[in-house]
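Asker: The sequence and its predicted three-dimensional model are supplied below.
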Amino acid sequence: LGFGPKIFSRSWRGTEYCLCAIPLGGYVKMAGDERSQCRGGSDEFFSQPLGRRSLIVLMGPVVNYFLAYLCFSVVFMIGFVDMEATQKRVPAQVGKIMASSPAEKAGFLIGDRIVKVDGDPVANWSEMQEAVSKIGARETGIDVLRNGVEIALSVTPEISSGKDIFGREHKVSRIGIQPEDLGSAGDLVVRKYGFLESFVQGGKELWTVTSKTYEALWQIVTAQRSAKEGMTGLVGIFFIVKFAAAVGFSFLL
């Protein structure tokens, strides 16, 4: 487990088990798993029949898959913040306005509740964000409810760069408003299940992630999505872990 200098190691039945200083992942190195290192010993990887070698290679992904299922189940036991449900509970009400932003120039006020974007009704903050993102940099009408009166405002979103959880930059449309603080508003939706139900939900989540993964791979193969946007490597994984750790242990797991 881990990389770098050994903190602890013990040999048992011909295998050395190690705990190393840098707690990032781990690895298994088999005897003679590289042709250049083969000495012809009966315990070496390439000395095994093809079927056994195939099972050895297969078991790595299988164990990772099973571990993912256990992690999902534990998350459902200890509880987690359902961000999708939380966003749907947050009203499209202006809590903060950025200085010199398009919203400030257009005459938005704190407390305004956005009811329409470009003529389409919006029910919550999530729908409002999605609607604004589709506008681009063109001038559009946004209707707000202020002191019980519906007022039509005209705003031109600005295009700015933002990073996703992979650390990649994307162009996004913004008008410069924020909702009220979720924590103080008590709008966080926390989901938690019993012991047995957690394993059921863990299985459902594993299936969802698996199907989405294959869907994304199919989109890459059929050129519906670029490989650069659809996959990530070590750097991307670092940004994901960094983002997740900032949210909390349940999200990190």
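Answerer: In hand now; what should we look at? Numbers count the residues shown, from 1 in each chain.
Asker: Can you report how many residues lie near the nearest residue to residue 195 once chain neighbours are set aside?
Answerer: Sequence neighbours aside, residue 77 is the residue nearest to residue 195 in space, at 6.6 Å (criterion: Cβ to Cβ, 6 or more residues apart in numbering). All C-beta atoms are positioned from the backbone trio N, CA, C, and that covers glycine. Residue 77: 18 surrounding residues under other Cβ atoms under 10 Å.
Asker: For the residue nearest to residue 125 when sequence neighbours are not counted, what are phi and psi?
Answerer: Sequence neighbours aside, residue 90 is the residue nearest to residue 125 in space, at 4.1 Å (criterion: Cβ to Cβ, 6+ apart). With angles defined as degrees, to the nearest 10, residue 90 sits at phi -80, psi 120.
Asker: Over to residue 136?
Answerer: Residue 136 has phi and psi values of phi 80, psi -140 when expressed as degrees, to the nearest 10.
Asker: quick thing: my sequence starts at 765, can you match it?
Answerer: Fine by me, first position is 765 from now on; the one you just mentioned is residue 900.
Asker: right, and it touches residue 923 too?
Answerer: Yes. In this structure residue 900 lies within contact range of residue 923 using Cβ atoms under 8 Å: 7.3 Å.
Asker: Mind listing the shared neighbours of the two?
Answerer: Residues touching both residue 900 and residue 923 by Cβ atoms under 8 Å, 6 or more residues apart in numbering: residue 937.
Asker: Double-check that residue 807 belongs to a strand.
Answerer: No. Counting by DSSP: H, G, I helix; E, B strand; the rest coil, residue 807 is located in no strand; its state is coil.
Asker: any idea how far residue 961 is from it?
Answerer: Distance, residue 807 to residue 961, using Cβ to Cβ, to the nearest Å: 45 Å.
Asker: can I assume residue 881 is in contact with residue 899?
Answerer: Yes. Using Cβ under 8 Å, residue 881 is in contact with residue 899, at 7.5 Å.
Asker: which of the two has more neighbours?
Answerer: residue 881 (23 against 17).
Asker: so what's the more buried one closest to, chain neighbours aside?
Answerer: In space, and not counting its chain neighbours, residue 881 is closest to residue 895: 3.8 Å by Cβ to Cβ, 6+ apart.
Asker: for whichever strand or helix holds the one you found, which positions count as buried?
Answerer: Assigned by DSSP states H and E, residue 895 belongs to helix 889-899. Within helix 889-899, the residues that qualify as buried are 889, 890, 891, 892, 893, 895, 896, 899, counting by 16 or more other Cβ atoms under 10 Å.
Asker: so the second one touches residue 854, yeah?
Answerer: Yes. Counting by Cβ under 8 Å, residue 854 is a contact partner of residue 890 at 7.2 Å.
Asker: Number of residues surrounding residue 858?
Answerer: 22.
Asker: Same question for the one 3 residues further on.
Answerer: Applying the criterion other Cβ under 10 Å, we find 17 residues in the vicinity of residue 861.
Asker: Residue 839 - that's part of a helix, no?
Answerer: Yes. Checked against three-state DSSP, residue 839 lies within a helix.
Asker: excluding its backbone neighbours, what's nearest residue 919?
Answerer: residue 870 (3.9 Å).
Asker: ok, that neighbour - contacts?
Answerer: By Cβ under 8 Å, 6+ apart, the contact list for residue 870 reads 906, 917, 918, 919, 920, 939.
Asker: For the first one, give the beta-bridge partners.
Answerer: Each beta-bridge partner of residue 906 is listed here: residue 881, residue 917, as defined by DSSP bridges.
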